[in-house]
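Enquirer: Using only what follows, build the 3D model:
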Amino acid sequence: MSNFFVAVGGTGQMVALAYFRLAKLCGFKKSAYTYIMDSDIDGDVSQDLMQLLGEESIPVIKPIPRTDNIETFRDIFSNSEYDDNIQPVLPLLFTTEELDTHIRKGMYGRPPVGSTCLSVKMKNIENRQGSDMALSRLITALREGQTNNVVICGSLFGGTGAGGIPTLAKYIRREVGPGIKITIIDLLRWFWLPEQTHKSHDNMLKHNAESGVCYLQDKIADSVNACVLLGLEEPVERTYEEIGQQTEKINFINLIAAIIANNSFNVAEYKSLFPNEHSIYSYVVPDNGLKASNIKVLMPIRNNTVKLHEIIMLSRAVEKFLGFFEKYIYSGPPGFSFTPSLAIPSKLIIAIKRSSSEVTFNEVYDKVKEKREECHDMLEWFKNLRDSPVFETDHTEITGTKYQENLKYPMPFLRKWINGIDDFGKGVNNAEEFVDQIIKQLRVTINEMFLNNKFGKMSFL
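Expert: Model prediction:
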């Protein structure tokens, strides 16, 4: 079984960023395969996603039927594929603004444009008049597995998401059949635009969301296993940004959507998460926010459920001990209260020699430093969520005295941890695999100590 995450538009990509941060902090061995559906991926959000995944590129499904000689939505119908009589009919089906939408950059909050673009594209593929390598790869991959899961996530108030998500879901179901599980996660309108110059745009987003809910209720229920609508009791203020220039909005609602996606991937029985299939589920975040201690996160291991604040707590501890371990194997000029010749036990040296290729202490040191900085950046992202006036993430602080003693005098813990590892270093091909093995073992060790109160009683503020 494999999991596939289709991030639609800017909103979908922001949720994907949250999902993969969560996956990295949880230490998921294998997260979902990622696809983007958007007209333009030159913005900061797309680049951030590729950087987080360490990918030069991610498969992109273009919602535009074809790219040559097309600038506006009207151009799609200005070719020999369509009868000349369609031109007089177009103004009856679409407004002038919709027909003049510059679809190379996006759908500009116009769902009829997004839906029609994708529908025409699907029809062209069926008639062998067009193709899309990324979409073909997705369909082929979904057909190969017997119980694959696909999550399609985006906004219900934009053009690409509101128009494209239902169309894509129905296409996947038609092409692949009933053997896969499809979950749609649609974010309702969770922000408003205060600028007077964009008042009409704000009203359009509100209208899109209301119309989108009605459409989903009438048309999509039979094509998907679950459709989750996620929103706020009261939208928050957000600054307007042009299409193609969008930056990530660090908001707790993206994390909630990411957790719902993760839970739909990892639930042992799909019906235990969504009791009545072919139903639409609505989650509204209250004004006083959600606490991390109230949010369940399903791990890839069956029946293993943790709370979000426990993930944050464990990740902070891992980051802290990785910092100690970074100093532990430091091979440069002495700058600490101990020197490498005294600090590095024989067991660590043996482990490095066990690796399949010649891994040096310098390589391990560089990779540990890189992983610690990556963990730090992700924890900073979680920390920034607390700046929102609506959401609360449980400012967790570990006050156990035994844990504080370990932080003050980490060497005994690190020596005991290293000496307790028997097999690490075997079968790895480079420093990154070696360090990944170390971090996995460190995470397990710290987690066991928390669970068994060996760090002392934990208190959360």
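
Enquirer: Could you measure from Thr156 over to Pro300?
Expert: You called it Thr, but residue 156 is Leu. Taking Cβ to Cβ, to the nearest Å as the measure, Leu156 falls 29 Å from Pro300. Heads up, the C-betas are built off the backbone N, CA and C, glycines and all.

Enquirer: And these two? Which one has more around it.
Expert: Leu156 (29 against 16; other Cβ atoms under 10 Å).

Enquirer: Verify the contact between the more buried one and Pro166 for me.
Expert: No. Leu156 sits out of contact with Pro166 when judged by Cβ atoms under 8 Å, with a separation of 9.7 Å.

Enquirer: pretty sure Arg316 is touching Met378, no?
Expert: No. Between Arg316 and Met378 no contact is recorded; they are 10.7 Å apart, counting by Cβ under 8 Å.

Enquirer: How many neighbouring residues does the nearest residue in space to Tyr403 that is not next to it in sequence have?
Expert: Excluding the flanking residues, the one nearest Tyr403 by Cβ to Cβ, 6 or more residues apart in numbering is Phe455, at 3.8 Å. By other Cβ under 10 Å, 21 other residues sit near Phe455.

Enquirer: ditto for Tyr33
Expert: If you count neighbours by other Cβ under 10 Å, Tyr33 ends up with 18.

Enquirer: now do the one 3 residues further on
Expert: Burial of Ile36 is recorded as 24 neighbouring residues (other Cβ under 10 Å).

Enquirer: So what are the sheet partners of the one helix or strand it maps to and their directions?
Expert: Using DSSP states H and E, the secondary-structure element containing Ile36 is strand 33-37. According to DSSP bridges, strand 33-37 forms sheet pairs with strand 3-8 (parallel), strand 60-61 (parallel).

Enquirer: hey, which of these is tucked in deepest?
Expert: Burial of those is given as mean neighbour count (mean count of other Cβ atoms under 10 Å); strand 3-8 ranks first at a mean of 26.

Enquirer: among the strands paired with strand 33-37, which is nearest Asp48?
Expert: Nearest to Asp48, of all these, is strand 3-8, at 11.8 Å by Cβ to Cβ.

Enquirer: now that closest one: mean pLDDT?
Expert: Confidence for strand 3-8, expressed as mean pLDDT, is 92.

Enquirer: For the following helix or strand past it, buried residues please.
Expert: Downstream of strand 3-8, the next assigned helix or strand under DSSP H and E is helix 9-26. Applying a neighbour-count criterion of 16 or more other Cβ atoms under 10 Å, one finds 9-26 buried in helix 9-26.

Enquirer: tilt between helix 9-26 and strand 33-37?
Expert: Using axes from the mean of the first three to the mean of the last three Cα atoms, to 10 degrees, the interaxial angle of helix 9-26 with respect to strand 33-37 works out to 160 degrees.

Enquirer: ok, back up a step: next one, pLDDT for the residue nearest to Tyr403 please.
Expert: The predicted structure scores Phe455 at 85 on the pLDDT scale.

Enquirer: On the three-state scheme, it is what?
Expert: The three-state label given to Phe455 by DSSP: H, G, I helix; E, B strand; the rest coil is coil.

Enquirer: Please apply the same query to Ile280.
Expert: Under three-state DSSP, the three-state class of Ile280 is strand.

Enquirer: so how many other residues sit close to the nearest residue to it once chain neighbours are set aside?
Expert: If the residues on either side of it in the chain are set aside, Ile280 comes closest to Cys227, at 4.6 Å by Cβ to Cβ, 6+ apart. The local packing count at Cys227 equals 27, with neighbours defined by other Cβ under 10 Å.

Enquirer: and the angle for the helix or strand encompassing Glu380 with helix 9-26?
Expert: Secondary structure from DSSP H and E places Glu380 in helix 361-384. The directions of helix 361-384 and helix 9-26 differ by 120 degrees, with the same axes, to 10 degrees as the criterion.

Enquirer: Just the CA atoms from helix 361-384 would do, formatted as PDB, please.
Expert: What follows is helix 361-384 as a C-alpha-only set of coordinates in PDB (Å, rounded to 0.1, in the frame of the first residue of the first chain):
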ATOM      1  CA  PHE A 361      34.000  11.400  11.700                       C
ATOM      2  CA  ASN A 362      34.000  14.700   9.700                       C
ATOM      3  CA  GLU A 363      31.200  13.400   7.500                       C
ATOM      4  CA  VAL A 364      29.200  12.200  10.400                       C
ATOM      5  CA  TYR A 365      29.700  15.600  12.200                       C
ATOM      6  CA  ASP A 366      28.600  17.600   9.200                       C
ATOM      7  CA  LYS A 367      25.500  15.400   8.700                       C
ATOM      8  CA  VAL A 368      24.500  15.600  12.400                       C
ATOM      9  CA  LYS A 369      24.800  19.300  12.300                       C
ATOM     10  CA  GLU A 370      22.700  19.500   9.200                       C
ATOM     11  CA  LYS A 371      20.000  17.300  10.700                       C
ATOM     12  CA  ARG A 372      19.900  19.300  13.900                       C
ATOM     13  CA  GLU A 373      19.500  22.500  12.100                       C
ATOM     14  CA  GLU A 374      16.700  21.000  10.000                       C
ATOM     15  CA  CYS A 375      14.900  19.900  13.200                       C
ATOM     16  CA  HIS A 376      15.500  23.400  14.700                       C
ATOM     17  CA  ASP A 377      13.900  25.100  11.700                       C
ATOM     18  CA  MET A 378      10.800  22.800  11.800                       C
ATOM     19  CA  LEU A 379      10.400  23.400  15.500                       C
ATOM     20  CA  GLU A 380      10.700  27.200  14.900                       C
ATOM     21  CA  TRP A 381       7.800  26.800  12.400                       C
ATOM     22  CA  PHE A 382       5.700  25.200  15.200                       C
ATOM     23  CA  LYS A 383       6.800  27.900  17.600                       C
ATOM     24  CA  ASN A 384       5.600  30.600  15.100                       C
END
